[in-house]
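Peer 1: need the 3D shape of this:
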Amino acid sequence: MNSVKDSLWLETVVCSARKGVDARLERMLEARQEMRRRTEGCVRAWVSRSMDGQPMFLLQAIYEDQESWHRSAKRVADELDSRDGGIETLLGGPPLVGIFSLDPSNLDLGKA
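Peer 2: As a prediction, this is how the structure comes out:
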C-alpha cells in the first residue's frame with residue numbers, strides 16, 4: 001500500500017431528499033458533480049441513485065490531493081451555491097460525508 005501522501009482523495013456523500021423534491025435534488029447534484037469533473041485535479045465524479053427507488057443518493061469524487069478537493073468545493077460554493085441557494089433545503093436530514101485515502105494502484109481508470 002502506498003503512503004497516505006501518495007494516495008488519492010475519495011470523497012463520499014450519502015444524502016436523501018425531502019418528500020417531493022428528489023428530481024430537483026438529483027439535477028442539482030448532477031450539476032455539482034459535472035462542475036467537479038471540470039475542475040483541475042478532479043479525477044472522476046459521479047452521482048448514483050438508490051436502486052430501490054428511495055430518494056437516496058450517493059455522490060463520489062476522486063481528487064489528486066487535498067488542494068484539488070478544496071479547489072473543487074470552493075468552485076461549487078462560489079459558482080453554484082451562490083446562484084441557486086445550495087442543496088441544504090432539499091435534504092431530508094444531514095448527509096453522511098467522508099474523505100478516504102485511495103491507493104491509485106487499486107483504481108483502473110482505463111483509457112477514457
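Peer 1: quick check: next helix or strand after the helix or strand of the chain with the lowest mean pLDDT?
Peer 2: The weakest-scoring helix or strand in the chain, judged by mean pLDDT, DSSP states H and E, is helix 82-84 (a mean of 93). For helix 82-84, the following helix or strand on the C-terminal side (DSSP states H and E) is strand 96-102.
Peer 1: tell me the strands beside that next one, with direction?
Peer 2: Sheet partners assigned to strand 96-102 using DSSP bridges are listed as strand 8-16 (antiparallel).
Peer 1: quick check: Gln60 touching Leu8?
Peer 2: No: using CB atoms under 8 Å, Gln60 makes no contact with Leu8, being 11.7 Å away. Placement of C-beta: from N, CA and C, glycine included.
Peer 1: with neighbour numbers in mind, choose between the two.
Peer 2: Remark: of Gln60 and Leu8, Leu8 carries more neighbours, 20 against 16, as counted by other CB atoms under 10 Å.
Peer 1: show me what contacts that one?
Peer 2: Going by CB atoms under 8 Å, 6 or more residues apart in numbering, Leu8 touches Val43, Ile62, Tyr63, Glu64, Asp65, Ser101, Leu102, Asp103, Pro104, Leu107.
Peer 1: try 10 Å this time
Peer 2: Applying CB atoms under 10 Å, 6 or more residues apart in numbering to Leu8 gives the contacts 2, 43-44, 62-65, 68-69, 100-104, 106-107.
Peer 1: what is the rounded mean pLDDT of stretch 56-65?
Peer 2: Regarding stretch 56-65, the rounded mean pLDDT is 98.
Peer 1: where are the low-confidence patches of this structure?
Peer 2: 1-4, 111-112 (pLDDT under 70).
Peer 1: what about 90?
Peer 2: Along the chain, the model assigns pLDDT under 90 to residues 1-6, 53, 106-112.
Peer 1: top helix in it by residue count?
Peer 2: Longest helix in the chain by number of residues (criterion: DSSP state H): helix 22-37.
Peer 1: quick check: angle from that helix to strand 8-16?
Peer 2: When axes from the mean of the first three to the mean of the last three CA atoms, to 10 degrees is applied, the directions of helix 22-37 and strand 8-16 differ by 170 degrees.
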